[in-house]
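Q: next come a sequence and a model predicted from it.
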Amino acid sequence: MLVFIQGNDALLAKTSIDQIKKKYLEKNPEGAELIEIDETTDNPNWADLQAVPLFASSRLVIIRRLGFFPKATQQSLSRVLQSVPDSTVVVIWDGRALDSQELLAVVSTASKTVDAVTPTGTKRARWLAKRAAELGVELDQDTTQALLLAGGSDLWLLETELRSLATGLPASARTATVSEPFIFFNLVRKSNWNGVKDELRQKIQSGEPIELIIGSLAAAIRKEVKDPVAAKTLNALLLDIDIGLKTGLLDQETAAALLAAHLPNPLANRVQWEELWGELAS
(Lines give C-alpha, C1' and ligand atoms only; values in the text may rest on other atoms or scores of the structure.)
Protein backbone atom coordinates (compact mmCIF):
# COMPACT_ATOMS: atom_id res chain seq x y z
CA MET A 1 0.00 0.00 0.00
CA LEU A 2 1.28 3.46 -0.92
CA VAL A 3 0.18 6.69 0.79
CA PHE A 4 1.29 9.93 -0.89
CA ILE A 5 1.36 13.17 1.12
CA GLN A 6 1.64 16.04 -1.33
CA GLY A 7 2.57 19.62 -0.41
CA ASN A 8 5.24 21.65 1.35
CA ASP A 9 3.45 22.43 4.62
CA ALA A 10 5.53 20.69 7.28
CA LEU A 11 2.87 20.87 10.00
CA LEU A 12 0.11 19.29 7.89
CA ALA A 13 2.50 16.59 6.68
CA LYS A 14 3.73 15.87 10.21
CA THR A 15 0.17 15.65 11.50
CA SER A 16 -0.76 13.10 8.83
CA ILE A 17 2.40 11.06 9.42
CA ASP A 18 1.89 11.09 13.20
CA GLN A 19 -1.66 9.79 12.76
CA ILE A 20 -0.46 6.93 10.56
CA LYS A 21 2.35 6.09 12.98
CA LYS A 22 -0.05 6.10 15.93
CA LYS A 23 -2.38 3.61 14.25
CA TYR A 24 0.54 1.39 13.28
CA LEU A 25 2.10 1.44 16.77
CA GLU A 26 -1.23 0.57 18.38
CA LYS A 27 -0.99 -2.80 16.60
CA ASN A 28 2.81 -3.06 16.70
CA PRO A 29 3.81 -1.26 19.94
CA GLU A 30 7.50 -2.20 19.79
CA GLY A 31 7.87 -0.57 16.37
CA ALA A 32 10.44 -3.13 15.22
CA GLU A 33 9.28 -2.81 11.61
CA LEU A 34 8.91 0.97 11.57
CA ILE A 35 11.46 2.57 9.24
CA GLU A 36 11.85 6.33 8.75
CA ILE A 37 13.98 7.86 5.99
CA ASP A 38 14.66 11.45 4.92
CA GLU A 39 17.16 13.32 2.76
CA THR A 40 19.78 13.17 5.52
CA THR A 41 19.75 9.34 5.62
CA ASP A 42 23.01 7.91 4.27
CA ASN A 43 22.48 5.34 1.52
CA PRO A 44 18.86 4.40 2.27
CA ASN A 45 18.30 0.68 1.90
CA TRP A 46 15.39 0.45 -0.51
CA ALA A 47 15.54 -3.35 -0.23
CA ASP A 48 13.67 -2.99 3.07
CA LEU A 49 10.62 -2.00 1.04
CA GLN A 50 10.65 -5.29 -0.87
CA ALA A 51 11.44 -7.66 2.00
CA VAL A 52 8.74 -9.37 4.01
CA PRO A 53 8.65 -8.10 7.64
CA LEU A 54 10.22 -10.46 10.17
CA PHE A 55 9.28 -9.00 13.56
CA ALA A 56 5.68 -7.87 13.00
CA SER A 57 2.72 -8.67 10.81
CA SER A 58 3.32 -5.54 8.74
CA ARG A 59 6.01 -2.96 8.02
CA LEU A 60 5.62 0.83 7.90
CA VAL A 61 8.15 2.79 5.85
CA ILE A 62 7.99 6.60 6.05
CA ILE A 63 9.96 8.63 3.51
CA ARG A 64 10.01 12.35 4.29
CA ARG A 65 10.80 15.24 1.92
CA LEU A 66 11.42 12.95 -1.05
CA GLY A 67 11.49 15.97 -3.35
CA PHE A 68 14.85 16.89 -1.80
CA PHE A 69 16.43 13.56 -2.79
CA PRO A 70 18.64 13.45 -5.91
CA LYS A 71 16.77 12.64 -9.12
CA ALA A 72 18.72 9.40 -9.54
CA THR A 73 17.62 8.27 -6.06
CA GLN A 74 14.00 9.10 -6.89
CA GLN A 75 14.27 7.01 -10.05
CA SER A 76 15.70 4.05 -8.12
CA LEU A 77 12.86 4.26 -5.63
CA SER A 78 10.26 4.34 -8.41
CA ARG A 79 11.45 0.92 -9.59
CA VAL A 80 11.45 -0.53 -6.08
CA LEU A 81 7.90 0.69 -5.37
CA GLN A 82 6.56 -1.45 -8.16
CA SER A 83 7.27 -4.63 -6.18
CA VAL A 84 6.38 -3.84 -2.58
CA PRO A 85 4.66 -6.72 -0.69
CA ASP A 86 1.10 -6.26 0.58
CA SER A 87 2.42 -6.46 4.17
CA THR A 88 4.29 -3.16 3.75
CA VAL A 89 2.79 0.32 3.89
CA VAL A 90 4.92 3.04 2.30
CA VAL A 91 4.20 6.68 3.21
CA ILE A 92 5.84 9.29 0.99
CA TRP A 93 5.87 13.02 1.66
CA ASP A 94 7.32 14.96 -1.26
CA GLY A 95 8.02 18.28 0.56
CA ARG A 96 8.53 19.86 -2.85
CA ALA A 97 7.86 18.83 -6.45
CA LEU A 98 9.37 15.48 -7.47
CA ASP A 99 11.95 15.54 -10.26
CA SER A 100 11.52 11.99 -11.54
CA GLN A 101 8.74 11.42 -14.06
CA GLU A 102 8.95 7.71 -13.28
CA LEU A 103 8.29 8.37 -9.61
CA LEU A 104 5.48 10.80 -10.41
CA ALA A 105 3.81 8.04 -12.42
CA VAL A 106 4.07 5.65 -9.46
CA VAL A 107 2.72 8.03 -6.81
CA SER A 108 -0.19 8.94 -9.10
CA THR A 109 -1.47 5.40 -8.46
CA ALA A 110 -1.21 5.70 -4.65
CA SER A 111 -3.96 4.05 -2.63
CA LYS A 112 -4.45 7.31 -0.76
CA THR A 113 -3.32 10.89 -1.44
CA VAL A 114 -3.23 13.41 1.40
CA ASP A 115 -3.20 17.18 0.87
CA ALA A 116 -0.39 19.00 2.71
CA VAL A 117 -0.70 22.34 0.93
CA THR A 118 -0.92 25.37 3.23
CA PRO A 119 -4.56 26.54 3.28
CA THR A 120 -5.41 30.10 2.35
CA GLY A 121 -8.30 32.48 3.03
CA THR A 122 -11.40 30.88 4.49
CA LYS A 123 -9.75 27.44 4.44
CA ARG A 124 -7.07 28.68 6.83
CA ALA A 125 -9.72 30.19 9.11
CA ARG A 126 -11.55 26.85 9.15
CA TRP A 127 -8.31 25.04 9.95
CA LEU A 128 -7.68 27.43 12.85
CA ALA A 129 -11.20 26.94 14.23
CA LYS A 130 -10.94 23.15 13.95
CA ARG A 131 -7.50 23.01 15.59
CA ALA A 132 -8.62 25.33 18.40
CA ALA A 133 -11.60 23.06 19.09
CA GLU A 134 -9.31 20.01 19.19
CA LEU A 135 -7.13 21.75 21.79
CA GLY A 136 -10.07 22.97 23.85
CA VAL A 137 -9.57 26.67 23.10
CA GLU A 138 -12.57 28.89 22.40
CA LEU A 139 -11.71 31.77 20.07
CA ASP A 140 -13.87 34.86 19.75
CA GLN A 141 -14.01 36.67 16.42
CA ASP A 142 -11.53 39.40 17.37
CA THR A 143 -8.94 36.94 18.63
CA THR A 144 -9.38 34.75 15.54
CA GLN A 145 -8.70 37.71 13.27
CA ALA A 146 -5.70 38.79 15.35
CA LEU A 147 -4.20 35.30 15.18
CA LEU A 148 -4.74 35.01 11.43
CA LEU A 149 -3.22 38.44 10.87
CA ALA A 150 -0.20 37.77 13.08
CA GLY A 151 0.39 34.18 11.95
CA GLY A 152 0.00 34.71 8.23
CA SER A 153 0.49 31.52 6.25
CA ASP A 154 2.73 29.85 8.85
CA LEU A 155 0.62 27.13 10.48
CA TRP A 156 3.47 26.34 12.89
CA LEU A 157 3.12 29.81 14.40
CA LEU A 158 -0.64 29.40 14.75
CA GLU A 159 -0.20 25.93 16.26
CA THR A 160 2.35 27.25 18.77
CA GLU A 161 0.07 30.05 19.90
CA LEU A 162 -2.96 27.77 20.20
CA ARG A 163 -1.00 25.29 22.30
CA SER A 164 0.16 28.10 24.57
CA LEU A 165 -3.43 29.24 25.00
CA ALA A 166 -4.62 25.71 25.70
CA THR A 167 -1.99 25.14 28.37
CA GLY A 168 -1.74 28.59 29.87
CA LEU A 169 -5.39 29.01 30.80
CA PRO A 170 -7.26 27.16 33.55
CA ALA A 171 -9.58 24.39 32.41
CA SER A 172 -12.61 26.36 33.64
CA ALA A 173 -11.75 29.39 31.51
CA ARG A 174 -10.59 28.14 28.12
CA THR A 175 -11.79 31.25 26.27
CA ALA A 176 -8.93 33.08 24.59
CA THR A 177 -8.64 36.72 25.56
CA VAL A 178 -5.21 37.51 24.23
CA SER A 179 -4.35 41.19 23.82
CA GLU A 180 -1.12 40.54 21.92
CA PRO A 181 -0.80 37.25 20.07
CA PHE A 182 2.71 35.96 19.35
CA ILE A 183 4.32 38.11 22.02
CA PHE A 184 7.72 36.46 21.48
CA PHE A 185 7.59 37.28 17.76
CA ASN A 186 6.94 40.94 18.45
CA LEU A 187 9.69 41.15 21.08
CA VAL A 188 12.31 39.29 19.04
CA ARG A 189 11.48 41.39 15.96
CA LYS A 190 12.36 44.50 17.99
CA SER A 191 15.44 42.82 19.54
CA ASN A 192 13.84 43.47 22.93
CA TRP A 193 15.61 40.64 24.73
CA ASN A 194 14.92 42.06 28.17
CA GLY A 195 11.24 41.94 27.25
CA VAL A 196 11.70 38.32 26.13
CA LYS A 197 13.17 37.48 29.54
CA ASP A 198 10.31 39.22 31.37
CA GLU A 199 7.78 37.28 29.28
CA LEU A 200 9.72 34.09 29.92
CA ARG A 201 9.51 34.59 33.68
CA GLN A 202 5.77 35.38 33.51
CA LYS A 203 5.07 32.24 31.50
CA ILE A 204 7.05 30.08 33.89
CA GLN A 205 5.36 31.58 36.94
CA SER A 206 1.94 30.96 35.35
CA GLY A 207 2.82 27.28 35.08
CA GLU A 208 3.24 27.02 31.31
CA PRO A 209 5.46 24.03 30.44
CA ILE A 210 9.01 24.98 29.48
CA GLU A 211 8.77 22.78 26.37
CA LEU A 212 6.01 24.99 24.95
CA ILE A 213 7.92 28.14 25.87
CA ILE A 214 10.99 26.87 24.03
CA GLY A 215 8.89 25.93 21.00
CA SER A 216 7.30 29.37 20.82
CA LEU A 217 10.61 31.17 21.26
CA ALA A 218 12.32 28.96 18.68
CA ALA A 219 9.61 29.74 16.14
CA ALA A 220 10.05 33.47 16.80
CA ILE A 221 13.81 33.25 16.36
CA ARG A 222 13.50 31.31 13.09
CA LYS A 223 11.15 33.94 11.71
CA GLU A 224 12.48 37.21 13.12
CA VAL A 225 16.26 36.94 13.64
CA LYS A 226 17.84 37.98 10.34
CA ASP A 227 21.51 37.71 11.37
CA PRO A 228 22.49 34.12 10.46
CA VAL A 229 25.25 33.94 13.09
CA ALA A 230 22.94 35.13 15.87
CA ALA A 231 20.16 32.81 14.70
CA LYS A 232 22.54 29.83 14.69
CA THR A 233 23.79 30.64 18.19
CA LEU A 234 20.29 31.05 19.61
CA ASN A 235 18.97 27.90 17.96
CA ALA A 236 21.96 25.95 19.32
CA LEU A 237 21.15 27.24 22.82
CA LEU A 238 17.50 26.19 22.53
CA LEU A 239 18.46 22.81 21.10
CA ASP A 240 20.90 22.11 23.95
CA ILE A 241 18.28 23.01 26.56
CA ASP A 242 15.61 20.94 24.80
CA ILE A 243 17.91 17.91 24.71
CA GLY A 244 18.74 18.42 28.39
CA LEU A 245 15.03 18.38 29.26
CA LYS A 246 14.25 15.31 27.18
CA THR A 247 17.19 13.33 28.55
CA GLY A 248 16.51 14.32 32.14
CA LEU A 249 19.82 16.15 32.57
CA LEU A 250 17.94 19.40 33.23
CA ASP A 251 14.81 19.98 35.27
CA GLN A 252 12.35 22.70 34.30
CA GLU A 253 13.64 25.36 36.71
CA THR A 254 17.28 24.89 35.70
CA ALA A 255 16.38 24.90 32.01
CA ALA A 256 14.44 28.14 32.42
CA ALA A 257 17.30 29.77 34.27
CA LEU A 258 19.82 28.73 31.62
CA LEU A 259 17.56 30.03 28.88
CA ALA A 260 17.08 33.44 30.51
CA ALA A 261 20.75 33.81 31.45
CA HIS A 262 22.14 33.05 28.00
CA LEU A 263 19.75 35.06 25.87
CA PRO A 264 21.30 38.27 24.50
CA ASN A 265 21.68 40.96 27.14
CA PRO A 266 22.63 44.17 25.31
CA LEU A 267 22.21 46.52 28.28
CA ALA A 268 24.31 44.76 30.91
CA ASN A 269 26.74 41.95 31.49
CA ARG A 270 25.19 38.51 31.65
CA VAL A 271 24.44 37.21 35.10
CA GLN A 272 25.58 33.78 36.08
CA TRP A 273 22.83 31.22 35.54
CA GLU A 274 23.26 29.95 39.10
CA GLU A 275 22.22 33.37 40.42
CA LEU A 276 19.21 33.56 38.17
CA TRP A 277 18.21 30.02 39.06
CA GLY A 278 18.19 31.04 42.71
CA GLU A 279 16.00 34.01 41.83
CA LEU A 280 13.51 31.85 39.93
CA ALA A 281 13.48 29.10 42.51
CA SER A 282 12.84 31.42 45.46
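A: Looks like it arrived, so ask away.
Q: any idea how the protein splits into domains?
A: According to automatic domain parsing, the chain comprises the domains 2-115, 121-281.
Q: show me where the protein dips below the pLDDT cut-off.
A: Segments of the chain classed as low confidence (criterion: pLDDT under 70) are 167-182, 265-282.
Q: scan it for its longest helix.
A: In terms of residue count, the longest helix belonging to the chain (DSSP state H) is helix 228-247.
Q: okay, buried residues for whichever helix or strand comes after that helix please.
A: The first helix or strand that comes after helix 228-247 along the chain, using DSSP states H and E, is helix 252-262. By neighbour count, and taking 16 or more other CB atoms under 10 Å as the criterion, the buried residues in helix 252-262 are Thr254, Ala255, Ala256, Ala257, Leu258, Leu259, Ala260, Ala261, His262. All C-beta atoms are positioned from the backbone trio N, CA, C, and that covers glycine.
Q: please apply the same query to stretch 63-79.
A: Counting neighbours by 16+ other CB under 10 Å, stretch 63-79 gives Ile63, Arg64, Arg65, Leu66, Gly67, Phe69, Thr73, Gln74, Ser76, Leu77, Ser78 as buried.
Q: out of the residues you listed, which sit inside strands?
A: By the criterion of DSSP state E, membership of those in strands covers Ile63.
Q: just the ones of the buried residues of stretch 63-79 in helices?
A: Of the positions in the buried residues of stretch 63-79, Thr73, Gln74, Ser76, Leu77, Ser78 sit in helices, assigned by DSSP H.
Q: shouldn't the last one be in contact with Val106?
A: Yep, that's Ser78 we're talking about. Yes - Ser78 is within contact range of Val106, at 4.9 Å (criterion: CB atoms under 8 Å).
Q: and the helices in this protein?
A: Going by DSSP H, the chain shows helices at 10-27, 47-50, 71-80, 101-107, 121-135, 141-151, 155-168, 183-189, 193-205, 210-224, 228-247, 252-262, 273-281.
Q: Ser57 is nearest to which of the ones you listed?
A: Proximity of those to Ser57 was assessed by CB to CB; the nearest stretch is helix 10-27, lying at 7.5 Å.
Q: between the closest one and helix 155-168, what angle do the directions make?
A: On the basis of axes from the mean of the first three to the mean of the last three CA atoms, to 10 degrees, helix 10-27 is oriented at 60 degrees to helix 155-168.
Q: which residues touch helix 10-27?
A: Contacts with helix 10-27, where a contact means CB atoms under 8 Å, 6 or more residues apart in numbering, come from 3, 5, 7, 31, 34, 57-58, 60, 62, 64, 89, 91, 93, 95, 114-118, 155-156, 159.
Q: same deal with stretch 157-165?
A: With CB under 8 Å, 6+ apart as the test, stretch 157-165 has contacts from 11, 128, 131-132, 135, 137, 147-148, 150-151, 176, 178, 181-182, 185, 203, 208, 212, 215-216, 219, 223.
Q: is it possible to mark the buried ones in those residues?
A: Among the contacts of stretch 157-165, those classed as buried by neighbour count (16+ other CB under 10 Å) are 11, 128, 131-132, 137, 147-148, 150-151, 176, 178, 181-182, 185, 203, 208, 212, 215-216, 219, 223.
Q: and Leu200, how close does it get to Arg163?
A: Shown here: Leu200 relative to Arg163, a distance of 16 Å by CB to CB, to the nearest Å.
Q: wait, Glu39
A: 28 Å.
Q: got it, and Ile221?
A: When CB to CB is applied, the distance between Ile221 and Arg163 equals 17 Å.
Q: for Ala32, phi and psi?
A: Comment: the main-chain dihedrals of Ala32 come out as phi -70, psi -30, following degrees, to the nearest 10.
Q: what about the closest residue to it other than its chain neighbours, how many residues close to it?
A: Excluding its sequence neighbours, the residue lying closest to Ala32 (CB to CB, 6 or more residues apart in numbering) is Phe55, at 3.8 Å. A count of nearby residues for Phe55, using other CB atoms under 10 Å, gives 10.
Q: surely Phe55 is in contact with Glu33?
A: Yes - taking CB under 8 Å as the definition, Phe55 is a contact partner of Glu33 at 5.6 Å.
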